[in-house]
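K.L.:
following is a predicted model, sequence given first.
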Amino acid sequence: MDVEFDSSGPEGMYCFRSYENGQKDWDKTRHPNILKSVVVGKKSWGLHVKMWAEGIAEGSFTKKEILQQFYDKDIEIPSSLLIDLDNRIYKKTIKYIQRLNDL
């Protein structure tokens, strides 16, 4: 992911919104390091949530076990990300149950 510095470019938040909306004008900003960090962090969170949701749906571990690691390190997860986690767990659980019913 290449993000270029442009002293007259838009702020990182604007570029992140452009990136999220699928627009192509997000790669030049006044805040390239911040933008890159946020995009990489979001992608990482998405991948972890996907794996956690699958594991929870299959019964490999619980949501409490995952979240306890954050609480132990005093990391506060924004409510929007917790809602996303709950939604993905729900969807993966439904798919897992449907797969079991098809056997």
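P.N.:
Nice, I can see it.

K.L.:
tell me the mean pLDDT over stretch 63-82?
P.N.:
The average of the pLDDT scores along stretch 63-82 is 93.

K.L.:
list the buried residues in it.
P.N.:
If you call a residue buried by 16 or more other C-beta atoms under 10 Å, then stretch 63-82 has these buried ones: Ile66. For the C-beta atoms, the positions are set from N, CA and C on the backbone; glycine is no exception.

K.L.:
tell me the gap between that stretch and the middle of its chain.
P.N.:
13 Å (C-alpha atoms, centre = their mean, to the nearest Å).

K.L.:
hmm, who's touching the strand or helix carrying Gln98?
P.N.:
Taking DSSP states H and E as the definition, Gln98 sits inside helix 79-102. Outside helix 79-102, the residues within contact range by C-beta atoms under 8 Å, 6 or more residues apart in numbering are Trp45, Val49, Lys50, Trp52, Ala53, Glu54, Ile56, Ala57, Glu58, Lys63.

K.L.:
got the buried residues for it?
P.N.:
Asp84, Leu85, Arg88, Ile89, Lys92, Thr93, Tyr96.

K.L.:
between the contacts of helix 79-102, which has the most around it?
P.N.:
Ranked by the number of neighbours (other C-beta atoms under 10 Å), the contacts of helix 79-102 place Ala53 first, at 24 neighbours.

K.L.:
quick check: it vs Ile89, distance?
P.N.:
Separation of Ala53 from Ile89 (C-beta to C-beta, to the nearest Å): 5 Å.

K.L.:
and the lowest-mean-pLDDT helix or strand in the chain, which strands flank it?
P.N.:
Here the helix or strand of the chain ranked lowest by mean pLDDT, DSSP states H and E is strand 4-5, holding a mean of 74. Looking at strand 4-5 with DSSP bridges, its partner strands are strand 28-29 (parallel).
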